[in-house]
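>>> After the sequence you'll find the predicted model.
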Amino acid sequence: MIANEVVEILNAIQGKELADKHTVRILRNLSDAELSNILKHYGKKIRSVSRAEKIHNILISRISIRNILYRDIYNSDINLNPKKERLKILIADLGINVDKIGATLDERIAVIIDVLNNSADDEFNILSSAGFKEMYSTLQQHFPELNTLLKMEFELENTEDVDTDRLRVLNITPIDILYLLSNDEVKMIRDKMSLSKRGNAREVLLEAFSNANDKLIENYAILAKRDLAGLKLAGIEISEADIGVKFEEITKEILESLLLVVDEDLRKSINTAKDKADIIISLSDDDVIIGEAKTCKNGDFAKYSTTSRQVKAYVNRCENQGKRVAQVLIIAPSFSNDFVESAEMDTEVNISLLEAVGLKLIYDAFKARRNPKFSAKLLTKGGLLKAELIAKNI
């Protein structure tokens, strides 16, 4: 692993103002004629060269992106105003949203370079963790070579297991993934998914996966009850085998929306093949909440003895790593009276219970407030939490 700051220094030494992954984005948004103009300017072959080869040849030639945008993509007889207009269109095609794009050619080039170099945080926020996983999984279904292509383009070990959590660590964003594919490949996936052909194909795909999770959040209580008929009626297609995992993912997304720190790195470090916690919320460097997301098809959730054994194993593993478990939070559609009483009487761990409909109520109240006030401490009261009261006081 090489720190981003070191990569920036190495790029600067080579005269590269943009990482290759960002340069690729620009090149994919250029026409074939513009790509040919770049190659012709440096005496490179263009006859019988495919679009993919042109992009590859430009990349390996280490041509300055500033020169490309200032001079190389244009015909020799073009004047200044059409050049500025072309960069205005490129800024829009790249999805760059800024208050001012600049009046001069240099200013517009500077905007493109600056925004792309500082885009990672915003791009990870485009999709939730669950949405990113859903997008990556779907892209793999339609484009099985994606994993191999990703490892090749980002120089990852062939033996390395790649998932979206790993991609986050490597600073590879959802948009980076979409730009691994050619424009035609992205359009092909869009069409196979029966999405709108209007607008930028990559933006259409991102919006589809963002909206998919919005639907699941809206129908969170139905998801918790494993109500396939209700989900289908809401326009959500999901297999029964996937409901448990999807409920866990959407629960994490809701908790993150409440500005809680869902700590995936810590969760993975304490998990074993036998003991696998669903959710770890970090309250501080030392204090955590352990969360369990339980679905239940018929009636109230009633498996207290099994669930308590699970969470106590997670508590032990957290404490062995020097963490203090402030609370265990169990989320389910509803709980039996026996489950509630057993949780309240448990002397080994502090357990809070929260119904799925209650968490959705808290989420809705949080989103509705201009300046919401929510603290993780509200989840540490113990027993069956009063979601209505929490929502009222957000």
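Nice, I can see it. Numbers count the residues shown, from 1 in each chain.

>>> For the residue nearest to L181 when sequence neighbours are not counted, list the residues it contacts.
Among residues not flanking L181 along the chain, F143 sits closest, at 6.5 Å (Cβ to Cβ, 6 or more residues apart in numbering). For the C-beta atoms, the positions are set from N, CA and C on the backbone; glycine is no exception. With contacts defined as Cβ atoms under 8 Å, 6 or more residues apart in numbering, F143 is in contact with 181, 185, 189.

>>> Correct me if wrong: the first one contacts K187.
No - contact status for L181 versus K187: not in contact, 9.4 Å apart, counting by Cβ atoms under 8 Å.

>>> Can you pick out the residue with more neighbours from these two?
L181 (22 against 17; other Cβ atoms under 10 Å).

>>> State whether that one is indeed within a strand.
No - assessed by DSSP: H, G, I helix; E, B strand; the rest coil, L181 does not belong to a strand; its assignment is coil.

>>> show me what contacts it?
Residues near L181 by Cβ under 8 Å, 6+ apart: 139, 143, 146, 149, 189.

>>> Could you pick out the buried ones from those residues?
139, 143, 146, 189 (16 or more other Cβ atoms under 10 Å).

>>> Would you mind listing the outside residues contacting stretch 81-89?
In contact with stretch 81-89 (Cβ under 8 Å, 6+ apart) are residues 69-70, 73-74, 101, 103-105, 108-109, 112.

>>> Tell me the buried residues in it?
Buried positions in stretch 81-89, judged by neighbour count with 16+ other Cβ under 10 Å: 83-84, 86-87.

>>> And for stretch 322-337?
Across stretch 322-337, burial judged by 16+ other Cβ under 10 Å covers 323, 325-336.

>>> Name the nearest of those relative to I254.
Nearest to I254 among the buried residues of stretch 322-337: I331, at 9.3 Å, using Cβ to Cβ.

>>> Touching, that closest one and A356? I think so.
Yes - counting by Cβ under 8 Å, A356 is a contact partner of I331 at 6.1 Å.

>>> For E107, what are phi and psi?
phi -60, psi -40 (degrees, to the nearest 10).

>>> With L127 as the reference, measure out to it.
For E107, the distance to L127 equals 31 Å [Cβ to Cβ, to the nearest Å].

>>> Looking at those two, which has the bigger crowd around it?
Each of E107 and L127 has its neighbours counted (other Cβ under 10 Å); L127 has more, 24 against 13.

>>> thought that one was touching M135?
Yes - if you go by Cβ under 8 Å, L127 and M135 touch, sitting 6.4 Å apart.

>>> so what's in contact with those two at the same time?
By Cβ under 8 Å, 6+ apart, L127 and M135 have these common neighbours: 174, 206, 209.

>>> tell me which residues in the strand or helix carrying the second one are buried?
In this assignment (DSSP states H and E), L206 forms part of helix 201-218. The neighbour-count criterion (16+ other Cβ under 10 Å) identifies 201-202, 204-210, 212-213, 216-217 as the buried residues of helix 201-218.

>>> got it, and stretch 268-283?
Buried-residue list, stretch 268-283, by 16+ other Cβ under 10 Å: 270, 277-283.

>>> Mind checking which of the residues you listed land in strands?
279-282 (DSSP state E).

>>> want to throw the contacts of F143 into TSV with pLDDT and distance to D163?
What follows is the contacts of F143, written out as TSV (pLDDT from 0 to 100; distance: Cβ to Cβ, whole Å):
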residue	pLDDT	distance to D163
L181	93	18
E185	94	21
I189	94	19
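
>>> low pLDDT regions in the protein?
1-4 (pLDDT under 70).

>>> Distance-wise, check L283 relative to G382.
Taking Cβ to Cβ, one finds L283 at 16 Å from G382.

>>> Domains in the protein, by residue range?
4-118, 127-218, 257-392 (automatic domain parsing).

>>> now the end-to-end length of the second one.
Terminal residues of domain 127-218 lie 16 Å apart, using Cα to Cα, to the nearest Å.

>>> hmm, back to that, show residues contacting the helix holding L206.
Contacts of helix 201-218 (Cβ under 8 Å, 6+ apart): 95, 126-128, 130-132, 134-135, 138, 174-175, 178-179, 183, 186-187, 189-190, 193, 195-196, 198, 223, 234-236, 246, 250, 253-254, 360, 363.

>>> Buried only: go through those for me.
Burial by neighbour count, judged by 16+ other Cβ under 10 Å, picks out 95, 126-128, 130-132, 134-135, 138, 174-175, 178-179, 186-187, 189-190, 195, 223, 236, 246, 250, 253-254, 360, 363 from the contacts of helix 201-218.

>>> Would you map the strands across the chain?
Going by DSSP E, the chain shows strands at 261-262, 279-282, 287-293, 324-332, 351-355, 383-384.

>>> would a markdown table of the ones you listed with distance to R370 be doable?
Shown next, in a markdown table, are these (distance: least, Cβ to Cβ, whole Å):
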| stretch | distance to R370 |
| --- | --- |
| strand 261-262 | 23 |
| strand 279-282 | 25 |
| strand 287-293 | 27 |
| strand 324-332 | 27 |
| strand 351-355 | 25 |
| strand 383-384 | 30 |
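
>>> Which of those sits closest to D122?
Comparing the strands of the chain by Cβ to Cβ, strand 261-262 comes nearest, at 19.0 Å.

>>> Quick one: list the elements packing against the closest one.
Here strand 261-262 is seen to pack against helix 243-257, strand 279-282 when contacts are counted using 3 or more Cβ pairs under 8 Å, 6 or more residues apart in numbering; DSSP states H and E.
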